[in-house]
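Colleague: Fold the following for me, if possible:
(one chain, ligands or ions: 1)
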Amino acid sequence: MSDLYLKFVNTPIGKSVVQSLSLPSPVNLERWQRADQPFVEGHVLLGAGPEPKAMKVLADLISNSAATLYYPDHVESLRASADLAQSHKANSLEMDNIGEQRRFKALVFDASGLTDTTQLRCVYDFFHPTIRNIGRCGRIVVIGTDPADCTTAAQAATQKALEGFVRSVGKEIGKKGATAQLIWMAPGAETQLESTVRFFLSPKAAFVSGQVVRISKRDGKGRTATNNIAPLTGKVALVTGASRGIGESVARVLARDGATVVCLDVPAAMAALEGVANSINGKALAADITEPNGPKAIADYLEEHFKGVDLVVHNAGITRDKTLGRMPDHFWDLTIAVNLTAEELINDELMKRKLLRSNGRIVCVSSISGIAGNFGQTNYATSKCGVIGYVEAMAKQLKDGITINAVAPGFIETQMTAAMPITIREAGRRMNSLSQGGLPVDVAETIAYYCNPLSGGVNGNIIRVCGQSLIGK
Ligand code: NAD
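Modeller: Next comes the predicted model:
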């Protein structure tokens with residue numbers, strides 16, 4: 001479904017109309033274009049508070065991209081970054097004299113060493129002189145320490161405070177199509193940062209903003225991928241609901257990244273499903289995931305054709321909207337069965353038969369309705385909030401390098417949202433920091449990031465792909 005307003009406001013006449021009427025003015029978001037595209041280009045400013053933990057990892061990563069690395073010159077506590085600057089040929093930047101012309105593609109700040117609330121001043125000192133220089137579709141990434149791992153209340157308060165900062169600054173820069181994220185590391189998890197920093201700095205995270213991701217030290221066994229163009233080479237993926245919409249896009253993006261994809265959908269969608277599968281050299285599997293024999297049939301197929309599976313994406317989902325008092329019981333039952341119970345049963349079957357391989361990835365699709373609740377969607381929100389509970393519990397149980405995470409899409413331009421009444425559709429599109437709907441590919445890119453072999457420390461997270469929707473937390 002095409003967003004005509006977005007197209008209009010990006011024409012010369014549209015720009016002047018929205019300016020004079022003070023209407024929202026969404027920008028065309030930059031998205032990933034080509035396989036050899038660097039994850040970040042342009043000027044990147046890297047700063048830190050006292051005792052930063054991740055500066056070397058960050059400086060290595062950014063200086064190996066197509067970006068030009070800068071560090072602020074005037075903060076004494078940044079001696080560490082000054083040393084790094086020498087070894088990484090970074091440029092010193094006079095923070096008092098940045099000028100209006102310089103545009104930053106990204107501002108990256110390592111706040112992982114902050115232990116005391118008075119030290120939050122360094123966040124202001126870094127961002128205050130630079131925030132207005134963030135460019136179109138720019139990126140802010142803040143690195144912190146997970147409050148769950150903090151040893152004092154003061155440290156936990158300081159680190160938690162970063163969440164409020166990032167969520168607010170995301171709202172301030174959204175009109176430029178720019179985004180802000182917080183990464184909370186567990187102690188010693190610096191080496192697990194790479195895939196997350198790459199993702200958040202890249203155009204792949206175009207519609208993700210105001211998010212907090214926790215990175216654990218957990219299991220470095222999967223850190224074998226150096227192939228950034230096709231990191232999923234050799235992996236077998238199962239994607240449910242793959243004949244159209246978000247599922248189709250997930251199948252295409254995982255195949256782009258090198259995976260062999262088993263595309264699953266209901267038998268009635270077989271023609272479209274085969275079209276998708278054939279176009280990506282994948283396989284089409286017709287199955288209803290709620291059939292009593294469904295999980296066994298899926299496991300049999302994966303065993304017979306591939307002796308197992310590496311990536312399982314539970315995307316298939318339905319809505320059956322009605323206010324609770326008017327909702328027939330089969331609306332309730334089917335929504336819970338498709339959106340929640342089937343995921344558990346498929347995973348149980350795959351794991352009982354040891355078909356999910358070491359360093360496997362399970363990704364579930366939740367929804368912001370599951371986080372915020374939605375009128376007329378008690379069944380849907382129940383199922384999608386259940387997905388979050390399932391992911392959080394399973395993340396603690398999985399072994400052998402296997403991770404489980406979820407995405408929670410907001411308003412995504414699909415057949416589902418195209419069917420909404422126009423007023424609700426327009427409100428859904430504009431009520432986020434980026435003032436537009438996302439595309440299926442935005443959800444797919446987030447799923448591909450979870451699936452990356454370098455994302456072994458990313459476990460139990462729920463990332464909202466919603467342009468920082470105003471609803472929910
Ligand atoms: P869609 O309706 O276009 O696609 C869903 C697919 O799931 C369909 O191909 C359908 O045939 C398949 N499916 C349904 N029941 C099935 C079953 N029993 N067995 C096998 N396949 C089945 O929806 P979409 O918009 O692409 O959404 C994909 C996922 O994203 C869903 O889980 C949805 O709840 C979630 N989501 C979407 C949005 C959005 O804005 N589009 C927002 C939040 C969450």
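
Colleague: The protein - how does it break down into domains?
Modeller: Using automatic domain parsing, the domain parsing of the chain gives 1-30, 40-215, 236-465.

Colleague: wait, which of those is closest to residue 228?
Modeller: The closest approach between residue 228 and any of the domains of the chain, judged by CB to CB, belongs to domain 40-215 at 7.8 Å. No exception for glycine: its C-beta is placed from N, CA and C like everyone else's.

Colleague: tell me how far the ends of the closest one are from each other?
Modeller: Length of domain 40-215, first residue to last, CA to CA, to the nearest Å: 21 Å.

Colleague: Relative to the whole chain's centre, how far out is that domain?
Modeller: 17 Å (CA atoms, centre = their mean, to the nearest Å).

Colleague: residues in the stretch 201-350 of the chain within reach of the ligand, list them.
Modeller: 240-241, 243-247, 265-266, 269, 288-290, 315-318, 338 (CB under 6 Å from any ligand atom).

Colleague: if we go to 8 Å?
Modeller: Contact residues (CB under 8 Å from any ligand atom) of the stretch 201-350 of the chain with the ligand: 240-248, 264-266, 268-269, 272-273, 287-291, 294, 314-319, 337-339, 342.

Colleague: Quick one: buried ones out of those residues?
Modeller: Buried members of those, scored by 16 or more other CB atoms under 10 Å, are 240-248, 264-266, 269, 272-273, 287-290, 294, 314-319, 337-339, 342.

Colleague: ok, the residue lying closest to residue 452 once chain neighbours are set aside to the ligand distance?
Modeller: Closest residue to residue 452 apart from its sequence neighbours, by CB to CB, 6 or more residues apart in numbering: residue 195 at 4.7 Å. Here residue 195 is placed at a distance of 23 Å from the ligand (CB to the nearest ligand atom, to the nearest Å).

Colleague: Can you tell me the SS state at residue 195?
Modeller: Using DSSP: H, G, I helix; E, B strand; the rest coil, the structure places residue 195 in helix.

Colleague: Okay, now the unreliable bits of the protein?
Modeller: Low-confidence segments of the chain, defined by pLDDT under 70: 1, 5, 8, 12-23, 74-88, 218-226, 473.

Colleague: That one: strands as residue ranges?
Modeller: Per DSSP state E, the chain carries strands over the ranges 41-48, 66-72, 91-93, 104-110, 134-145, 179-185, 211-215, 236-240, 260-265, 283-286, 309-314, 356-365, 403-409, 462-465.

Colleague: which residues sit against the first one?
Modeller: By CB atoms under 8 Å, 6 or more residues apart in numbering, the residues outside strand 41-48 that reach it are 55, 58-59, 62, 65-72, 75, 77-78, 80-81, 90, 93, 102-111, 113, 126, 130, 135, 201.

Colleague: partners of residue 134 in the sheet?
Modeller: Here residue 134 shows beta-bridge partners residue 104, assigned using DSSP bridges.

Colleague: which residues in the stretch 351-473 of the chain form helices?
Modeller: Taking DSSP state H, counting those that start in this stretch to define them, one finds helices in the stretch 351-473 of the chain at 368-372, 378-397, 415-418, 422-430, 440-451.

Colleague: Tell me which of those sits nearest to residue 205.
Modeller: Nearest of the helices of the stretch 351-473 of the chain to residue 205, taken as CB to CB: helix 440-451 at 7.0 Å.

Colleague: Let me have the helices of the stretch 351-473 of the chain in CSV, extended by distance to the ligand and mean neighbour count.
Modeller: What follows is the helices of the stretch 351-473 of the chain, written out as CSV (distance: least, CB to the nearest ligand atom, whole Å; neighbours: other CB atoms under 10 Å):
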stretch, distance to the ligand, mean neighbour count
helix 368-372, 7, 22
helix 378-397, 7, 19
helix 415-418, 4, 13
helix 422-430, 8, 15
helix 440-451, 6, 26
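
Colleague: now for these, which one comes closest to residue 32?
Modeller: Per CB to CB, nearest to residue 32 of the helices of the stretch 351-473 of the chain: helix 440-451, 6.7 Å.

Colleague: how many degrees apart are the closest one and strand 236-240 in direction?
Modeller: Per axes from the mean of the first three to the mean of the last three CA atoms, to 10 degrees, the angle that helix 440-451 makes with strand 236-240 is 140 degrees.

Colleague: now helix 440-451 against strand 211-215, angle please.
Modeller: Going by the same axes, to 10 degrees, helix 440-451 is angled at 20 degrees with respect to strand 211-215.

Colleague: what packs against helix 440-451?
Modeller: The contact analysis (3 or more CB pairs under 8 Å, 6 or more residues apart in numbering; DSSP states H and E) places helix 440-451 against helix 194-201, helix 245-256, strand 309-314, strand 356-365, strand 403-409, strand 462-465.

Colleague: what about 7 Å?
Modeller: In terms of contacts (3 or more CB pairs under 7 Å, 6 or more residues apart in numbering; DSSP states H and E), helix 440-451 is packed against helix 245-256, strand 356-365, strand 403-409, strand 462-465.

Colleague: Nearest residue to residue 150 in space, please, no chain neighbours.
Modeller: With sequence-adjacent residues excluded and distances taken as CB to CB, 6+ apart, residue 150 is closest to residue 156, at 3.9 Å.

Colleague: Residue 28 too?
Modeller: The spatial neighbour of residue 28 that comes closest, neighbours along the chain excluded (CB to CB, 6+ apart), is residue 10 at 5.6 Å.

Colleague: rewinding a little: ok, which of the helices and strands packed on helix 440-451 comes nearest residue 26?
Modeller: Of all those, strand 462-465 sits nearest to residue 26, with 16.2 Å by CB to CB.

Colleague: Each with direction, which strands does the closest one pair with?
Modeller: According to DSSP bridges, strand 462-465 has the following sheet partners: strand 403-409 (parallel).

Colleague: which other residues reach the partner strand?
Modeller: For strand 403-409, contacts defined as CB atoms under 7 Å, 6 or more residues apart in numbering pick out 246, 361-368, 370-371, 387-388, 391, 394-395, 398, 438, 443, 446-447, 450, 455-456, 458-466.

Colleague: do stretch 459-473 as well
Modeller: Around stretch 459-473, the neighbours that count as contacts under CB under 7 Å, 6+ apart are 170-171, 174, 207-211, 213-214, 216, 218, 366, 368, 371-372, 388, 391-392, 395, 403-410, 431-434, 436, 438, 442-443, 446.

Colleague: tell me the contacts of the nearest residue to residue 166 once chain neighbours are set aside?
Modeller: Sequence neighbours aside, residue 182 is the residue nearest to residue 166 in space, at 4.3 Å (criterion: CB to CB, 6+ apart). By CB under 7 Å, 6+ apart, the contact set of residue 182 is 142, 144, 162, 163, 166, 212.

Colleague: contacting residues around the spatially closest residue to residue 90 that is not a sequence neighbour?
Modeller: Distances taken as CB to CB, 6+ apart place residue 69 nearest to residue 90, at 4.0 Å, with adjacent residues excluded. By CB under 7 Å, 6+ apart, residue 69 lies in contact with 44, 46, 59, 62, 63, 88, 90.

Colleague: Most widely separated two among the residues you listed?
Modeller: Distance extremes for the contacts of residue 69: the farthest pair is 44 and 88 at 11.3 Å, using CB to CB.

Colleague: Between these two, tell me which one has more neighbours.
Modeller: Comparing residue 44 with residue 88 by other CB atoms under 10 Å, the one with more neighbours is residue 44, at 26 against 20.
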